[in-house]
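A.B. asks: Sequence and predicted structure, then a few things I'm wondering about:
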Amino acid sequence: MSNRPIILGIVGDSAAGKTTLTRGIAQILGAENVTVIGTDDYHRYDRQQRAELNITALHPDCNYLDIMQQHLALLRSGQPILKPIYSHKTGTFEAPQYVKPNRFVIVEGLLGYSTPAARDCYDVKVYLAPPESLRTVWKIQRDTLKRGYNEAQVLAELQKREADSEQFIRPQRQWADVVVSFYPPATEDRDKSLLNVRLVLRPTIPHPDLRQVIDSAQSESAIRWQLDRDMGKPVDVLEIDSHATSEKISLLEQMICNDMPDLHSVCNREVNPDLGKVTGTTGEILQSYPLALTQLLITYYMLKATQEA
């Protein structure tokens, strides 16, 4: 086992679901074993300054990327950092925080893969790519409920940011080991609160062989594994629909856990009752099997990295 921290990157545009994914992974690994770092803390300008300069938080010039990559290198070597703190609620900076890395470090944010030096610091790189229509809904919900905006302001900000999203955020997809895309079910009789997931699995890291559980010959199956191409390169693709049965999901969980003994306790639902839990449109708590499997699979990659570091 490696003595240095294992670092997971979770990159995606604003309101792409980074925090929801991080929360479940940290639960599996144990909060006491995980340090979570937000790269948005490395903004160069506060909200008022960005407005005055007419620059968005997505632009590299609006962030101290050099300090971010220095801090990532320090964390990877097990050293503490004095991390800046940016408050999304107030749009201002707070006092820096002394942070010591735990066994696992999860780094989430907008520009985590934007420099070669930063990319070299990660053991596992994930990119979140929901449909833009879904991300818009999520951003409106989050920013109106938690960040003090109204809907018109959120939509205006999205429009203002679009050019930077296209130029600086989405190209980072190419550097990910896993691309995660949650999307609504197509059929009208499905609960749109529960999403399907499409996982692009690149050959840059080892993946568990789940195909013996998945009948790829049945295109209508709720769980599918296929070969495809992403950004011009061959990849495996795992798709899990929201209506997948608990029995089939349990088989996949057991296969992942049997391949990684440290995960055995995770496959006990009583031990991890909140795994894959999401809030529905009316505030109710729902169980999402696609989310649970995604969180479990990414945790598998992190534990696998401890054996190879």
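C.D. replies: Yep, it's here. All values reported here derive from a predicted model rather than from experimental measurement.

A.B. asks: domains of this structure?
C.D. replies: Domain segmentation of the chain under automatic domain parsing yields 1-125, 177-309.

A.B. asks: Quick check, Leu210 in contact with Cys257.
C.D. replies: No - counting by Cβ atoms under 8 Å, Leu210 sits too far from Cys257 to count as a contact (11.9 Å). The C-beta positions use only the backbone N, C-alpha and C, and glycine is treated the same way.

A.B. asks: low-scoring stretches of the stretch 201-309 of the chain, by residue?
C.D. replies: Across the stretch 201-309 of the chain, the ranges flagged by pLDDT under 70 are 212-213, 215-220, 264-271, 273, 280-283.

A.B. asks: start to end distance for stretch 168-175?
C.D. replies: End-to-end distance for stretch 168-175: 13 Å, by Cα to Cα, to the nearest Å.

A.B. asks: With stretch 163-180 instead?
C.D. replies: Span of stretch 163-180 from end to end, Cα to Cα: 22 Å.

A.B. asks: Need the residues that contact that stretch.
C.D. replies: Stretch 163-180 has contacts (Cβ atoms under 8 Å, 6 or more residues apart in numbering) with 11-13, 17, 21, 56, 58-60, 110-114, 119, 124-129, 197-202, 204-205, 230-231, 294, 297-298, 301.

A.B. asks: Check which residues of that stretch are buried.
C.D. replies: Across stretch 163-180, burial judged by 16 or more other Cβ atoms under 10 Å covers Asp164, Ser165, Phe168, Ile169, Gln172, Arg173, Trp175, Ala176, Asp177, Val178, Val179, Val180.

A.B. asks: and among the domains of the chain, the most buried is which?
C.D. replies: Neighbour counts averaged per stretch over these are highest for domain 1-125, at a mean of 18; criterion: mean count of other Cβ atoms under 10 Å.

A.B. asks: Off-centre distance for that one?
C.D. replies: Offset of domain 1-125 from its chain centre (Cα atoms, centre = their mean, to the nearest Å): 12 Å.

A.B. asks: just stretch 155-174 next, same as before
C.D. replies: The answer for stretch 155-174 is 17 Å, by Cα atoms, centre = their mean.

A.B. asks: In this structure Met255 contacts Leu210, no?
C.D. replies: Yes - taking contacts as Cβ under 8 Å, Met255 lies within contact range of Leu210: 5.7 Å.

A.B. asks: Asp209 is in contact with Trp225, correct?
C.D. replies: No - with contact defined as Cβ under 8 Å, Trp225 and Asp209 do not form a contacting pair (9.5 Å).

A.B. asks: what does stretch 231-248 rub up against?
C.D. replies: By Cβ under 8 Å, 6+ apart, stretch 231-248 touches 173-174, 185, 190-191, 194-203, 207, 210, 213-214, 222-230, 249, 288-290, 293-294.
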